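Visitor: Please work out how this folds:
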Amino acid sequence: MKAALLTLAFLLELAMLAAAGWWGFTLDAGWLVRLLAGLGAPLLLAVVWGIFCSPRASVPLPAPAKLGVQAASFVTGGLLLALAGQPVPGAVLVALWAVDKALLTHLGDPV
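Guide: Numbering: from 1, shown residues only. The predicted structure follows:
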C-alpha cells in the first residue's frame, strides 16, 4: 500500500509540473512569453521542490514547514491549471495530493 501511495505522490509531483507548463504555454501572449512561462514556471516549482521538499533537500526543513511548502507548491499547480481553463483538474490535483499525503502520514511516512 505504501509503495502505491509513494508512486502516486511521485506522479502527482509530475502532474503539478505539467500543470505549470500547461498554464505557461496557454497564455494569451506572444510565443516568446508563452515559451518562457511554459518552461520557467515548472522549472521554478521544480527548483523550490528540490531545495526544500525532496528526500535529499539541500535546505532541510522541520516537518510542518516542509508540509507547508509542499501544500503551497500543489495549490500553485492547481491554481495555474485553473487559470489555464481547467479548474476541475486543478482541484482534483490538489485534492488527490491532500488525500495521498494524509494516507502516507497515517502509515507513518514522514512529511
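Visitor: any idea how far residue 22 is from the residue of the chain most remote from its centre?
Guide: Farthest-out residue of the chain from its mean C-alpha position, per CA atoms, centre = their mean: residue 30, at 25.9 Å. Distance from residue 30 to residue 22, counting by CB to CB, to the nearest Å: 18 Å. For the C-beta atoms, the positions are set from N, CA and C on the backbone; glycine is no exception.
Visitor: was I right about residue 38 contacting residue 25?
Guide: Yes - counting by CB atoms under 8 Å, residue 25 is a contact partner of residue 38 at 3.7 Å.
Visitor: neighbour count winner among the two?
Guide: Between residue 38 and residue 25, counted using other CB atoms under 10 Å, the more crowded position is residue 38 (19 against 15).
Visitor: which parts of the helix or strand harbouring the more buried one are buried?
Guide: Per DSSP states H and E, residue 38 falls inside helix 31-52. Neighbour-count burial for helix 31-52 flags 34, 37, 38, 41, 42, 45, 46, 49, 52 (criterion: 16 or more other CB atoms under 10 Å).
Visitor: where does this protein have low pLDDT?
Guide: 110-111 (pLDDT under 70).
Visitor: all helices in it, in order from the N-terminus.
Guide: In the chain, the segments counted as helices under DSSP state H are 2-25, 31-52, 63-83, 87-106.
Visitor: what angle sits between the last one and helix 2-25?
Guide: Inter-element angle recorded for helix 87-106 and helix 2-25: 150 degrees (by axes from the mean of the first three to the mean of the last three CA atoms, to 10 degrees).
Visitor: Tell me which residues are up against helix 87-106.
Guide: 2, 5-6, 8-9, 12, 15-16, 19, 67, 70-71, 74-75, 77-82, 111 (CB atoms under 8 Å, 6 or more residues apart in numbering).
Visitor: Of the residues you listed, grab the buried ones for PyMOL.
Guide: Restricted to buried positions by 16+ other CB under 10 Å, the PyMOL selection for those reads:
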select buried, resi 5+8+9+12+15+16+19+70+74+75+77+78+79+80+81+82+111
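Visitor: Need the CA coordinates for the helix holding residue 38. CSV is fine.
Guide: C-alpha atoms of helix 31-52 as CSV (Å, rounded to 0.1, in the frame of the first residue of the first chain):
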residue,chain,number,x,y,z
TRP,A,31,5.2,33.0,-28.4
LEU,A,32,8.3,34.2,-26.5
VAL,A,33,6.3,34.9,-23.4
ARG,A,34,4.5,31.5,-23.7
LEU,A,35,7.8,29.8,-24.1
LEU,A,36,9.4,31.5,-21.1
ALA,A,37,6.3,30.9,-18.9
GLY,A,38,5.8,27.3,-20.2
LEU,A,39,9.4,26.4,-19.3
GLY,A,40,10.0,28.8,-16.5
ALA,A,41,7.0,28.0,-14.2
PRO,A,42,7.7,24.3,-14.0
LEU,A,43,11.4,24.9,-13.6
LEU,A,44,10.7,27.3,-10.7
LEU,A,45,8.4,24.8,-9.0
ALA,A,46,11.0,22.0,-9.5
VAL,A,47,13.8,24.1,-8.0
VAL,A,48,11.7,25.0,-5.0
TRP,A,49,10.7,21.4,-4.6
GLY,A,50,14.3,20.2,-4.9
ILE,A,51,15.7,22.7,-2.4
PHE,A,52,13.0,22.2,0.3
